[in-house]
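Colleague: Return a 3D structure for these sequence lines:
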Amino acid sequence: MFNKLLPKEEKYFEDFKQMISHIGEMSRYSEQLFNSEIPDQNNFLKMKPLELRCDEISSKITKRLNKTYITPFDREDIFALIKRLDDISDMLLGAAARVDTFNITKKINYADQMAAIVHQQIIELGVAIQDLKVKSINECKAVKDLETQADAIYRQAMKELFVEEKDAIELIKKKEILDLLERISDKCQSTANIILTIFIKNA
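Modeller: This is a model prediction of the structure:
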């Protein structure tokens, strides 16, 4: 009985690594989707089972937390980290789903650049999670720097969109997708902040 109360440290870290690996695949498909002159919905279809796996891992960690008394680091930080990762996977799928729902048939200006930045942020988060037991400062800074780049691109995208797009419905569709990509970048940054908090608390 007492063994159930002991920390399952390796299980938590393995779950985090699996989840960020699935999210990395999703972001790669997202980048391909938004980089294509004609969006290929096969990328969206490939993302759906990956998002489901992320949901399963999130649920598994939550159930384990409710059964385990001792955790490798603060319980609230584990909850916060898994929630941020789950949010990223949901939002990546959501952005791709909108391409399908809105029947987007042409490349959206700047969406490719933003999707590429998000993919790079997730790569950095993956390294940070791998290094969680040691240090993650450099990767967290890189995620923040990339988020700053995404903000600049988003502002330029909005400026051009409202000048060049004359069809109000198309403007709304494109803006919603660009908004979501920008929010994903922000969510990556908040995830990096959680990782940095964990490192500082346990240094």
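Colleague: Would you map the helices across this structure?
Modeller: Across the chain, reading from the start of the chain, the helices by DSSP state H fall at 9-35, 41-67, 75-101, 111-130, 137-164, 168-202.
Colleague: what packs against the longest one?
Modeller: It refers to helix 168-202. Taking 3 or more Cβ pairs under 8 Å, 6 or more residues apart in numbering; DSSP states H and E as the contact definition, the neighbouring helices and strands of helix 168-202 are helix 75-101, helix 111-130, helix 137-164. C-beta: built from backbone N, CA, C; applies to glycine.
Colleague: Give me the neighbour count for the closest residue to R84 other than its chain neighbours.
Modeller: By the measure of Cβ to Cβ, 6 or more residues apart in numbering, the closest residue to R84 outside its immediate chain neighbours is T191, 4.0 Å from it. Under the neighbour criterion other Cβ atoms under 10 Å, T191 is assigned a count of 26.
Colleague: So T191 is in contact with I88, correct?
Modeller: Yes: between T191 and I88 there is a contact under Cβ atoms under 8 Å: 6.7 Å.
Colleague: just the helices and strands packed on helix 168-202: most buried one?
Modeller: Highest mean neighbour count of the helices and strands packed on helix 168-202: helix 111-130, a mean of 23 (counted as mean count of other Cβ atoms under 10 Å).
Colleague: Give me the angle between that one and helix 137-164.
Modeller: Interaxial angle, helix 111-130 versus helix 137-164 (axes from the mean of the first three to the mean of the last three Cα atoms, to 10 degrees): 160 degrees.
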